[in-house]
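[1] task: produce atomic coordinates for the following.
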Amino acid sequence: MTRLHTAHLGMVKTKQRARSCVFWPNITADITKYISECGICQRSSDCQPKEPLMNSEIPEYPWEHVGTDLLFWEGRNYPDYYSRYIELDKQVQVDSTSSGAIITELKSQFTRHGIPRILTSDNGPQFAAHEFKKFAEQWRITHRTSSLRYPQSNGLSEKAVQTVKRLMSKALTDRLDPYLALLKYRNTPVDNLASPAQLLMSRQLRSVMPSVEHNFMSKIVPKEEYKAARQKQQEAEKETYERGTRMIKPFASGQQVWLNKTGQANERWIKATKPRANRQPNPKEPQSTPPGSKAATTAHPVQPNLKTTRSGRVIKEPARLKL
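    Residues are numbered from 1 along each chain as shown. Alright, predicted model coming up:
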């Protein structure tokens, strides 16, 4: 088997080579098992193919499902999964990315539009903290997180980040007010449907563009008609996305896997490991010598300039021959 796989040619070519020179019972299964456990082949293998698209469920009413994400430009954004309405908060605090600062801004948004039933975010430390979990429980919010190393699972928030960055970059380049650009986005129909402002507030927002007063009156967009149009659009996007995709066999519990560290297709794979905790921590307090016992002596004199780590552990330099 080792000779067959010397050049690491892959599964198909190794089987073709084996059929031309050797044979034994279950040779195909043995070759498959051997190559699937070869570290060199697994480290250099391609990424898994794309799986079929799983569309997000269309909410029943505006602001029922809200996504949140950090935007390293002006602050933080909150898109509504129903209306695609984007709220943007500019952060000026030093610790603006802490859990406390995020909770304060969320409370401000939720008292303005209402408390959402579902809040989706990534797995950042701000959203994984105990303080944020306690806030979600007190405000009766179901907190969902996206899959690790897969921002596409929180796609609406990621798309909102791109939209806001593009709007502000173009506005600043053209020396225009970026907030007027954001207002225009809220008044513009999305995907040939109603505008985010119409879906969330049932009216158009007054802007610098001339308009009749009738457009500012409340006019509810029929929910069933809007959901049918959104569902039809999702089906078309799903059909386009799933060209060349296939289902991947699910992993079994305890199965050893390889992890792409950066998520890039051209990077090498590494074997996933579980970090082992240090079961023997260093004592923080100096240990005293029991009464009646002699202090330990050493044949070598104590070095005056000892190097220690931040935890207090002494760094011992390796002994080298002085030639």
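[2] wait, what's in contact with Arg206?
    Arg206 makes contacts with Phe216, as judged by CB atoms under 8 Å, 6 or more residues apart in numbering. Glycine gets a C-beta too; all of them are placed from N, C-alpha and C.
[3] can you pull the phi/psi pair for it?
    phi -70, psi 130 (degrees, to the nearest 10).
[4] check contacts around the one residue sitting closest to the centre of the chain.
    Central residue of the chain (CA atoms, centre = their mean): Pro151, 4.2 Å from the mean position. For Pro151, the contacting residues are 122, 158, by CB under 8 Å, 6+ apart.
[5] how much space between it and Asn77?
    Applying CB to CB, to the nearest Å, the value for Pro151 to Asn77 is 14 Å.
[6] equivalent analysis for Gln126, please.
    Distance from Gln126 to Asn77, by CB to CB: 14 Å.
[7] give me the neighbour count for Leu106.
    The local packing of Leu106 (other CB atoms under 10 Å) involves 23 other residues.
[8] distance of it from Glu158?
    Distance from Leu106 to Glu158, by CB to CB: 19 Å.
[9] kindly report the same for Ser253.
    In this view, Ser253 and Glu158 are 30 Å apart by CB to CB.
[10] of the two, who's got more company?
    Each of Ser253 and Glu158 has its neighbours counted (other CB under 10 Å); Glu158 has more, 17 against 4.
[11] can I assume the more buried one is in contact with Asp69?
    Yes - if you go by CB atoms under 8 Å, Glu158 and Asp69 touch, sitting 6.8 Å apart.
[12] and the helices in the stretch 51-200 of the chain?
    99-113, 125-128, 130-138, 155-173, 178-187, 196-201 (DSSP state H, counting those that start in this stretch).
[13] ranking those by burial, who's on top?
    Mean neighbours per residue, mean count of other CB atoms under 10 Å, is largest over those for helix 196-201, with a mean of 21.
[14] quick check: next helix or strand after that one?
    Proceeding N to C from helix 196-201, the next assigned helix or strand is helix 223-241, under DSSP states H and E.
[15] given the helix or strand following that following helix, what are its sheet partners and their directions?
    Following helix 223-241 in sequence order, the next helix or strand is strand 258-260 (DSSP H and E). Strand 258-260 has the following strand partners under DSSP bridges: strand 269-271 (antiparallel).
[16] what mean pLDDT does the strand it pairs with get?
    Averaging pLDDT along strand 269-271 yields 65.
[17] swap in stretch 244-261?
    Average pLDDT, stretch 244-261: 79.
[18] send me it as CSV with only the CA atoms.
    Output of stretch 244-261 as CSV, limited to C-alpha atoms (Å, rounded to 0.1, in the frame of the first residue of the first chain):
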residue,chain,number,x,y,z
GLY,A,244,-22.8,22.8,-8.8
THR,A,245,-23.7,22.2,-5.1
ARG,A,246,-24.3,18.9,-3.4
MET,A,247,-25.1,17.6,0.0
ILE,A,248,-22.2,16.6,2.2
LYS,A,249,-22.3,13.5,4.4
PRO,A,250,-22.7,14.7,8.0
PHE,A,251,-19.9,14.1,10.4
ALA,A,252,-20.3,11.5,13.2
SER,A,253,-19.8,12.4,16.9
GLY,A,254,-16.2,12.0,17.8
GLN,A,255,-15.0,11.8,14.2
GLN,A,256,-11.5,13.3,13.6
VAL,A,257,-11.6,16.2,11.1
TRP,A,258,-9.3,18.6,9.4
LEU,A,259,-9.8,22.4,9.8
ASN,A,260,-9.0,25.1,7.3
LYS,A,261,-7.6,27.7,9.7
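[19] and it, how far out from the chain middle?
    Computed by CA atoms, centre = their mean, to the nearest Å, the chain-centroid distance of stretch 244-261 equals 18 Å.
[20] buried residues, the strand or helix carrying Val12. List them.
    Val12 belongs to helix 11-19 when assigned by DSSP H and E. Under the neighbour-count criterion of 16 or more other CB atoms under 10 Å, helix 11-19 has 11, 14-15, 17-18 buried.
[21] ok, the residues you listed vs Ile115, which is closest?
    When the buried residues of helix 11-19 are ranked by distance to Ile115 (CB to CB), Met11 comes first, at 53.0 Å.
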